[in-house]
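J.: sequence below, structure please.
(chains A and B)
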Amino acid sequence: MKNILILVTIILLASNALAAQLTVDEVVSKANNRSYYQGKDGSAKANMVVTDSQGRTRQRQLTILKLNIQEGGDQKYFVYFHKPNDVKGMSYIVWKHVGKDDDRWLYLPAMDLVRRIAASDKRSSFAGTTFLYEDISGRSIDLDIHELSSGDAAFYVVKNTPKDIGVVEFSYYIVKIDKINFVPMKAEYFDKSGKLYRTVEALEVKDIQGYPTVTKMKASDLNANSNTVTEFTDIKYDIGLKDDIFTERFLRTPPQQWLKE
Amino acid sequence: MRSAFFIALLFIFLLVPSAHAVELPEWHGFIEQDFGGSLSRDSLTKHRDYNMLEQRFQLKTRYAIPGENLLSRWNGVFTYKGDFVLDEYFDTTGSYEIRELNFAFSPTSTVDIKAGRQILTWGTGDYLFINDLFPKDYVSFYIGRDDEYLKKPSDALRVSIYPKIANIDFVLIPHFTANTLPDGDRLSFFDSFEGGITGRNTQNNAVKPAWQPENFEYALRLYRTFGSTEGALYYYRGFDPSPRSYLDEANRQLFYERLDVYGASLRGPFADGIGNLETGYYRSRQDASGDNRLIENSSWKLLLGYEKDLGNDFKIGVQYQYEQKLNYDDYTSALLPQDYYWDQHRHLLTQRLTKYFKNQTVMLGLFNFWSPSDKDGYVRASCAYDITDQWKLTMGINIPWGEDDTTDFGSMKKNKNAFVRVRYSF
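T.: Model (predicted):
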């Protein structure tokens, strides 16, 4: 018995030592999985408030359903708009692919029209907010070169430089990742002249079903002096979503059971 | 009979929730002021200076049947959408248009049913429709109403079935709804009886098919995805929604000839964008051999399209459509010397540019139709500004043009207009 305890202690110590010496790619991969791939699937309501430089606000309210096809890889998203009222009832499906363009469909209920959306630019605004598509569904970690810079006791600090600098508006971005739970707490984007122009930060992290989850986040555009705060509510993991939710059938007939107001 | 159907729907709506604590459904909609000034100053129509002057009040609601009864287990959802319109163009006191009034439910996990008035759309074209024969309102399209009003509702039963191998949509339309086309009151058009572009003085009229079982219309779509590519097969049996055939020349009567359409489409990722291909064979059942000069011939249509995201909220789309009249020799040899006639080939190109500014609150759009064979075209440009989440301002122009009076866009050339719409959504 004593031997076993010693063994366990040794293993724990060893794994702690290993954790302290994670490579940068392991850190980035863990943070990516933490942000975008927790659970088999999940659902949440997002309330997004966009504030412009003059303090005027706009509101977006949506339900997001997510299914992981492969951890760190392909995913499917279903987005249903509750607000603003002129787009209420619109729904949106994304089949996220790693290494090629996502497939996206938009349903406009007023015309019963399913549109296929050409969407190679993942760095365009998500629904008119300060968040970009890549903030919502994740940026493929293979697109950047990652370097661990001087962190402190609490955070890993990772500098990410895009491999293809021509297709993005930033020259690099720096992400602070919580050393304990691997939640990325802040990302700072620097433009081609090296000036900080954009931040995305986690304002609140809660434990949901054992998964550390960002429940409130803020994206700021420092040039336009505007920002968007997103609060996630009704967050649930492992709810048993099936693949067929993410098809034209449910785009036209939104799945009632997951969309309760 | 039609009203009986709606009363039945209303009955479901009123009766079912009564057994439970009723959670009142949310009502949404908008109030809108629309004005479209004429740029052509066409004295043929009712008003020379404008094409549109109206106020619109739309109300809509969705009501999911609550409780533990059969209809709630079937995910029963009642949908209503209707517009009150004060149309000052026609000096009317007001009209009321029901755009949607239907009940949708899923009796099994692989069947969806929607019964009642509904908007129906399928196919891959952008403002071009080959296999979507559901009714459209081209007057709304040309005078600058919202895109929503291009589609007219159908009173229909839609049954969707989802077996593993492919999805099936079956639509039964017991009551024919015609396209709304320029008829001289609001928009001038080419009237072959008058021999030119005509307005209010037109005397032609279109005779609709009677409401009887042999005039029911059917539409079928089979579709599935192959990886990221969507494939579909279509079948339609009904009537041409535009009256292209002559019933009685002496009395200037047109009619909607019987039509079968067999079609197919593909849509998917192509060359860093989205490509689509659609084709349809139109079989004119009352003139299958093509030798009746009064009835539209069979034809064949092909559409190729491509859309690309250029980044920075800028998208482009291009389309090419080819139409060919079949049995053309039989048609031309049957023509009389004074007849207007269709060309055998029609080539049509379209281009769409969409650019968003200011966090997607300002949209600039340009849509261009151009037919090198008809030597005509149609420029649609618009600018929309989401002032707040509630207020939206839309302005635009509609510029149809053409060398001849007889072609699709050429016949519209005296209807050039500029419009403005202000909408408050709630």
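
J.: list the contacts of residue 33.
T.: No chain in the question, so chain A it is. A:71-72, A:182 (C-beta atoms under 8 Å, 6 or more residues apart in numbering or on different chains). Heads up, the C-betas are built off the backbone N, CA and C, glycines and all.

J.: please refer instead to chain B.
T.: Here B:Gln33 is in contact with B:54-55, B:421-422 (criterion: C-beta under 8 Å, 6+ apart).

J.: picking that back up, who wins on neighbours among the contacts of A:Asn33?
T.: Neighbour counts for the contacts of A:Asn33 (other C-beta atoms under 10 Å in any protein chain shown) peak at A:Phe182, which has 20 neighbours.

J.: thought that one was touching A:Tyr36?
T.: No. Between A:Phe182 and A:Tyr36 there is no contact under C-beta atoms under 8 Å: 12.0 Å.

J.: hey, what's in contact with both of those two?
T.: With C-beta under 8 Å, 6+ apart, A:Phe182 and A:Tyr36 have no common neighbours.

J.: tell me where chain A has helices.
T.: Assigned helices in chain A, in chain order: A:2-20, A:24-36, A:133-137, A:248-252 (criterion: DSSP state H).

J.: quick one: low-confidence parts of the chain?
T.: Let's take chain A. Along chain A, segments meeting pLDDT under 70 span A:1-20, A:261.

J.: can you look at chain B instead?
T.: Using pLDDT under 70, chain B drops low at B:1-23.

J.: and the residue nearest the centre of it, how close does it get to chain A?
T.: In chain B, the residue lying closest to the centroid (C-alpha atoms, centre = their mean) is B:Lys136, at 2.7 Å. Separation of B:Lys136 from chain A (C-beta to the nearest C-beta, to the nearest Å): 11 Å.

J.: what bridges to that residue?
T.: Counting by DSSP bridges, B:Lys136 is bridged to B:Lys151.

J.: what strands line up against whichever strand or helix holds B:Thr354, and which way round?
T.: Of the helices and strands defined by DSSP states H and E, B:Thr354 is found in strand B:345-357. The sheet places strand B:345-357 alongside strand B:314-325 (antiparallel), strand B:362-371 (antiparallel), with pairing taken from DSSP bridges.

J.: now those strands in CSV, with mean neighbour count?
T.: Listed next are the strands paired with strand B:345-357 as CSV, based on neighbours: other C-beta atoms under 10 Å in any protein chain shown:
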stretch, mean neighbour count
strand B:314-325, 18
strand B:362-371, 18
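
J.: picking up where we left off before, which among the contacts of B:Gln33 count as buried?
T.: Buried by 16 or more other C-beta atoms under 10 Å in any protein chain shown: B:54, B:421, out of those.

J.: and the contacts of B:Gln33 near chain A, which?
T.: The subset of those within reach of chain A, by C-beta under 8 Å from any C-beta of the partner chain, is empty.

J.: so which of the contacts of B:Gln33 are in helices?
T.: Short answer: these have none in helices (DSSP H).

J.: can you redo the contacts of B:Gln33 as CSV with distance to B:Tyr282?
T.: As requested, the contacts of B:Gln33 are exported to CSV (distance: C-beta to C-beta, whole Å):
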residue, distance to B:Tyr282
B:Glu54, 35
B:Gln55, 39
B:Arg421, 35
B:Val422, 41
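
J.: nearest to B:Thr45, of the contacts of B:Gln33?
T.: When the contacts of B:Gln33 are compared for distance to B:Thr45 (C-beta to C-beta), B:Glu54 wins out at 15.3 Å.

J.: excluding chain neighbours, what is closest to A:Lys159?
T.: A:Glu147 (4.6 Å; C-beta to C-beta, 6 or more residues apart in numbering or on different chains).

J.: so B:Glu257 sits right up against B:Ser242, yeah?
T.: No. Counting by C-beta under 8 Å, B:Glu257 does not reach B:Ser242; the two are 9.9 Å apart.

J.: return the closest of the contacts of A:Asn33 with respect to B:Tyr63.
T.: Nearest to B:Tyr63 among the contacts of A:Asn33, with distances taken as C-beta to C-beta, is A:Glu71, at 39.9 Å.

J.: please report the distance of the residue nearest to A:Lys159 from chain B.
T.: On the measure of C-beta to the nearest C-beta, A:Glu147 and chain B end up 27 Å apart.
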